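A.B. asks: my questions concern the predicted model and sequence given below.
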Amino acid sequence: EHAFSARLFFQLILRGGQRDDDLLRGLNEPSPEFHLRPSATWLLHQFHFPNALKLEYAERKVTKMGADDLHLILRVDGTFLQHFKLHDFPYDSQILQ
């Protein structure tokens with residue numbers, strides 16, 4: 001097992017999300033609750049990184065953009081474990097997950 005550090009940025013757009021009251025429920029509350037129709041904030045809290053040794057959420061928010069879209073923004077800094085197959089160092093290519 002090997003470790004690598006990375007800064008990840010995710011931006012998801014929910015087209016027309018501002019027109020859905022369930023998606024807007026509890027906008028950016030720190031500990032959103034699950035409902036049958038979950039909020040955008042709850043969805044944003046469902047990102048998990050099982051191979052993370054160290055993880056810091058630098059930014060996690062839902063913003064209203066334009067007339068009716070919602071943007072889910074997530075920035076993560078972390079150290080992750082990954083098994084690297086080194087056969088032709090330094091020319092190996094790796095798939096990180």
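C.D. replies: That came in fine, so what should we check first? Numbers count the residues shown, from 1 in each chain.
A.B. asks: quick one, helices of this protein?
C.D. replies: 21-24, 40-44 (DSSP state H).
A.B. asks: mean confidence for the longest one?
C.D. replies: Right, helix 40-44. Here helix 40-44 scores 96 as its mean pLDDT.
A.B. asks: what about Leu23, distance to Leu36?
C.D. replies: 13 Å (C-beta to C-beta, to the nearest Å). No exception for glycine: its C-beta is placed from N, CA and C like everyone else's.
A.B. asks: hang on, the earlier thing: as a markdown table, the helices of the chain with distance to Ala3 would be great.
C.D. replies: Shown next, in a markdown table, are the helices of the chain (distance: least, C-beta to C-beta, whole Å):
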| stretch | distance to Ala3 |
| --- | --- |
| helix 21-24 | 36 |
| helix 40-44 | 26 |
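A.B. asks: dump these to TSV, plus mean neighbour count and distance to Glu1.
C.D. replies: Shown next, in TSV, are those (neighbours: other C-beta atoms under 10 Å; distance: least, C-beta to C-beta, whole Å):
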stretch	mean neighbour count	distance to Glu1
helix 21-24	15	39
helix 40-44	21	29
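A.B. asks: nearest to Pro32, out of those helices?
C.D. replies: Shortest separation from Pro32 across the helices of the chain is recorded for helix 40-44, at 4.0 Å, computed as C-beta to C-beta.
A.B. asks: could you say what helices and strands that closest one packs with?
C.D. replies: Judged by 3 or more C-beta pairs under 8 Å, 6 or more residues apart in numbering; DSSP states H and E, helix 40-44 is in contact with strand 52-65, strand 69-82.
A.B. asks: now, of those strands, which is deepest in the fold?
C.D. replies: strand 69-82 (a mean of 17; mean count of other C-beta atoms under 10 Å).
A.B. asks: who wins for proximity to Phe84 among the helices of the chain?
C.D. replies: The nearest among these, by C-beta to C-beta, is helix 40-44 at 30.3 Å.
A.B. asks: who touches that closest one?
C.D. replies: Residues from elsewhere that reach helix 40-44 (C-beta atoms under 8 Å, 6 or more residues apart in numbering): 14, 17, 23-29, 32-35, 60-62, 70, 72, 74.
A.B. asks: with that, I have no additional questions.
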